[in-house]
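K.L.:
Sharing a sequence plus its predicted fold:
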Amino acid sequence: MAAPNACGGITLLLSALLARGAKWSPRRIRMAIEATAVATPNATGATIDRWALGRGLLDVPAAMAWLVAHKDEPLADVRFVVTAATCGNGAASGTGVGRGLYLREAQHTRAPEVVSSAFIKPVLHEDETNTARVALDVTATLTPSAAWVSCAPSLPLVHEGKGFDVKVSLAGLPPGCHQAEVRAHHGAMPLIAPLISP
């Protein structure tokens, strides 16, 4: 029932935007949903499990309020494509092999820390003018969600994209699964969520 419920909620959002004569894009709708989703605990009521539950439950009124509050924000229509190096494969040029850093094999976790690279490329709609593409200039604030992940505090983004390094400190982590994100924001706008999931 998750897919029909999500489709129904998105239909309500699109219907309300159409009634207002407001502009929308798939990226804008997705950003509103992700920014306002209600985090839910896992089946045991313990810590929220992003691997299993994603962003959380769709909150239609909150998503609509977000869309109204950010109706004039041009960045809400920009898609940010993220590539990440997997254990040493370079992503600094935007040719990374994955959407996140995934350390699973023993050889990937033997060192006390792993440094990898990520690349973010803003993508505007295909109908957008070249002038708008060249004018795109955003400084994203980067915030890791766990103390064992670190990166630069900010990243200037232009239309060609930019890379940065992510350091994962493995020393002291207990055995088991661990998940963290590097969240990117521009003011109150969540540009990319998640950016990196080691």
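P.N.:
In hand now; what should we look at?
K.L.:
next SSE after the helix or strand hosting Leu142?
P.N.:
For Leu142, the host element (DSSP states H and E) is strand 137-144. With elements assigned by DSSP H and E, the helix or strand that comes after strand 137-144 is strand 149-151.
K.L.:
same for that next one, what does it pack against?
P.N.:
strand 137-144, strand 162-169 (3 or more C-beta pairs under 8 Å, 6 or more residues apart in numbering; DSSP states H and E). Any C-beta I mention is one placed from the backbone N, CA and C, and that applies to glycine too.
K.L.:
Now with 6 Å, please.
P.N.:
strand 162-169 (3 or more C-beta pairs under 6 Å, 6 or more residues apart in numbering; DSSP states H and E).
K.L.:
quick one: contacts of the longest helix along the chain?
P.N.:
In the chain, with assignment by DSSP state H, the single longest helix is helix 2-20. By C-beta atoms under 6 Å, 6 or more residues apart in numbering, the list of residues contacting helix 2-20 from outside reads Trp24, Leu58, Val60, Ala63, Met64.
K.L.:
let's go with 10 Å and repeat that
P.N.:
22-24, 26, 28-30, 32-33, 54, 57-61, 63-64, 66-68, 71 (C-beta atoms under 10 Å, 6 or more residues apart in numbering).
K.L.:
Name only those of these that count as buried.
P.N.:
24, 28-30, 32-33, 58-60, 63-64, 66-67 (16 or more other C-beta atoms under 10 Å).
K.L.:
Could you export the longest helix of the chain as CSV, CA atoms only?
P.N.:
C-alpha atoms of helix 2-20 as CSV (Å, rounded to 0.1, in the frame of the first residue of the first chain):
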residue,chain,number,x,y,z
ALA,A,2,3.0,2.3,0.2
ALA,A,3,3.0,3.1,-3.5
PRO,A,4,-0.7,3.9,-3.8
ASN,A,5,-0.6,6.0,-0.7
ALA,A,6,2.4,8.0,-2.0
CYS,A,7,0.7,8.4,-5.4
GLY,A,8,-2.5,9.7,-3.8
GLY,A,9,-0.6,12.1,-1.6
ILE,A,10,1.4,13.5,-4.6
THR,A,11,-1.8,13.8,-6.6
LEU,A,12,-3.2,16.0,-3.8
LEU,A,13,-0.1,18.2,-4.0
LEU,A,14,-0.3,18.5,-7.8
SER,A,15,-4.1,19.2,-7.6
ALA,A,16,-3.5,22.0,-5.0
LEU,A,17,-0.7,23.5,-7.0
LEU,A,18,-2.8,23.4,-10.2
ALA,A,19,-5.7,25.1,-8.4
ARG,A,20,-3.3,27.9,-7.3
